[in-house]
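Visitor: how would this look folded up:
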Amino acid sequence: MIILILLIIGINIVYVSINTLRTILVIKGQRLLASIISVFEIGVYLYGLTIVLKNLDSPINIIAYCIGYGVGVYVGSLIEQYLALGYVDVQIIVDSVVHDLPDILREKGFGVTSWTAEGKNGLRLVLHVLAKRSNEKKLIKLVSEIVPNAFVISYEPKNFIGGFWTKNIRNF
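Guide: Numbering: from 1, shown residues only. Below you'll find the predicted structure:
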């Protein structure tokens, strides 16, 4: 009985984790990889569902299925966060236009575009920094060490056209 419950939970964790990754890959435009993963996803799903349907006489099996589903969502999101697929566009606003932050970030390999903008209390330096998502935390930590009061916000771009980064990110 315990082995069956653990099997149901484990299968559902695997299924939902794969489902989460497949969904994220589709959103990020990785259709072929998502399609390949979906073959394994549906196989795991059908195997787990078959086990549960054969054992509907015990409500604990249904509860195990539900618990596995919930844990699978969590595990899938952790896996995606670990993989950090894609890129981020980080906007940084510094309250001084005289700053060497753009040069420091460029030396670290980040793509930086900067300009002067006018804020409520005067001129500001605005930077757009393109980075791999796997480097986002490092970038934000570096900025906060150099300019602790900087305003930082990140976006996930979907498409790239032009610029020096497109040469580095295209896999033809």
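
Visitor: OK, contacts around Glu118?
Guide: Taking C-beta atoms under 8 Å, 6 or more residues apart in numbering, we find Glu118 in contact with Arg124. Backbone N, C-alpha and C define where each C-beta goes, glycine included.

Visitor: Please, which helix or strand holds it?
Guide: Element membership for Glu118, per DSSP states H and E: strand 111-119.

Visitor: Please, where are all the helices along the protein?
Guide: For the chain, the helices defined by DSSP state H occupy 2-27, 31-54, 59-83, 101-107, 136-146, 165-169.

Visitor: which one of these is the most hemmed in?
Guide: helix 2-27 (a mean of 18; mean count of other C-beta atoms under 10 Å).

Visitor: sorry, back to before: centre of the chain to the strand holding Glu118, how far?
Guide: 26 Å (C-alpha atoms, centre = their mean, to the nearest Å).

Visitor: Out of the helices of the chain, which is closest to Leu130?
Guide: When these are compared by C-beta to C-beta, helix 165-169 sits nearest Leu130, at 5.4 Å.

Visitor: what about the closest one, average pLDDT?
Guide: Helix 165-169 carries an average pLDDT of 53.

Visitor: what does stretch 78-86 give?
Guide: Per-residue scores along stretch 78-86 average to 83.

Visitor: Can I get the strand holding Glu118 as PDB, trimmed to CA atoms?
Guide: Output of strand 111-119 as PDB, limited to C-alpha atoms (Å, rounded to 0.1, in the frame of the first residue of the first chain):
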ATOM      1  CA  GLY A 111      25.700  44.300 -23.500                       C
ATOM      2  CA  VAL A 112      25.000  47.800 -22.300                       C
ATOM      3  CA  THR A 113      23.100  50.700 -23.800                       C
ATOM      4  CA  SER A 114      23.000  53.900 -21.700                       C
ATOM      5  CA  TRP A 115      21.600  57.400 -21.900                       C
ATOM      6  CA  THR A 116      20.800  60.400 -19.800                       C
ATOM      7  CA  ALA A 117      17.200  60.900 -18.700                       C
ATOM      8  CA  GLU A 118      15.400  63.500 -16.700                       C
ATOM      9  CA  GLY A 119      13.800  62.400 -13.400                       C
END
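
Visitor: Many thanks, I have nothing further to ask.
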